[in-house]
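In: Just the structure for this:
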Amino acid sequence: MKDDEKSYDQSTSLTLLERARRREPQAWERLVQVYRPLVLFWCGRAGLHGPDAEDVSQEVFAAAATGLDGFRRDRPGDTFRGWLSGITRNQVLLFYRRSQRQPRAEGGPAALDQLREVADPLAGADEQEQAEIRQVYQRALELLRGAFEERTWQAFCRTVIDGRSPATLTAELCMTANAIRQAKARVLRRLKEEVGDLFE
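Out: This next block holds a predicted model:
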C-alpha cells in the first residue's frame, strides 16, 4: 500500500464484485448503495414508483445475490450493469404479472395495457439514464474518498474531473508533475480494484 493511501479495509486487493461473491456484508452494502438509485430509476421508467419500486428493487438485489456466482463476462460487452438491468427487467415483468393476477387499486387493466404499448422501458441508454449512470460513478468515488490523503485526492480531481494537465498544477499542489500523475494513477487503480469490473 502506498504511504499516502489510508487503511481502507483488509481486502483492498479484491474487487467489490469478488468480495460480494464471497458474501462479505460490507461489499453488499456498497454494491446496493452504489446501484440502488439506478435500479429505482429503471423501475420508474417502467412505471413503478414508491413502495412498488422499492419492493421490486429489493427483489432485484435478492435475485442478484442468489445469482451472482453465475454472472460471467464471457463475451465482449458483458457488464455487471447490463446483467443487473436484465434482472431488473425480469423483476418488473414478474411484478406486472403478479399484479395482473391480483389487481391493485392503482392503475388496473388500463395501466397494464399502457405498459404493453410501450417499448422495453429498460432498452437503450437515453440522456436521463446516462445521468443516472454518472451518479453511479459519483457514488463509487464518494465511497473511495476517505481512502486517500487530501493531496492525492486533489491531484486526481484536478486532472480527471477538472481536466487539467499535471504540468499546470505543480505550483498549486506543491507536487511534481510526475507525482501528480502517480497520484492520479493510484486513485484510478483503486477505483478499478473497487468497482472497475462493475462499470466496464
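In: can you pull out the helices in the chain?
Out: Counting by DSSP state H, the chain has helices at residues 16-21, 25-45, 50-67, 80-101, 108-117, 127-144, 150-156, 170-173, 177-191, 197-199.
In: quick one: buried residues of the fourth one?
Out: Neighbour-count burial for helix 80-101, with 16 or more other CB atoms under 10 Å as criterion, is recorded at 80, 83-85, 87-89, 91-92, 95-96, 99. Just so you know, the C-beta spots here come from the backbone N, C-alpha and C atoms, and that holds for glycine as well.
In: The second one now?
Out: Neighbour counts over helix 25-45 (16+ other CB under 10 Å) mark 27-28, 30-32, 34-36, 38-45 as buried.
In: again, but for the first one
Out: When burial is assessed from 16+ other CB under 10 Å, helix 16-21 yields the following buried residues: 16-17, 19-20.
In: Let me have those in TSV, extended by distance to Phe61 and pLDDT.
Out: Output for those, formatted as TSV (distance: CB to CB, whole Å; pLDDT from 0 to 100):
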residue	distance to Phe61	pLDDT
Leu16	14	80
Leu17	14	82
Arg19	15	85
Ala20	10	87
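In: Check those residues against Glu149 and report the nearest one.
Out: Leu16 (22.0 Å; CB to CB).
In: my guess is that closest one meets Trp28, correct?
Out: No - with contact defined as CB atoms under 8 Å, Leu16 does not count as touching Trp28 (9.4 Å).
In: hang on, the earlier thing: out of the buried residues of helix 16-21, which is nearest to Arg73?
Out: Nearest to Arg73 among the buried residues of helix 16-21, counting by CB to CB, is Leu17 at 9.8 Å.
In: ok, that closest one to Pro166 distance?
Out: 31 Å (CB to CB, to the nearest Å).
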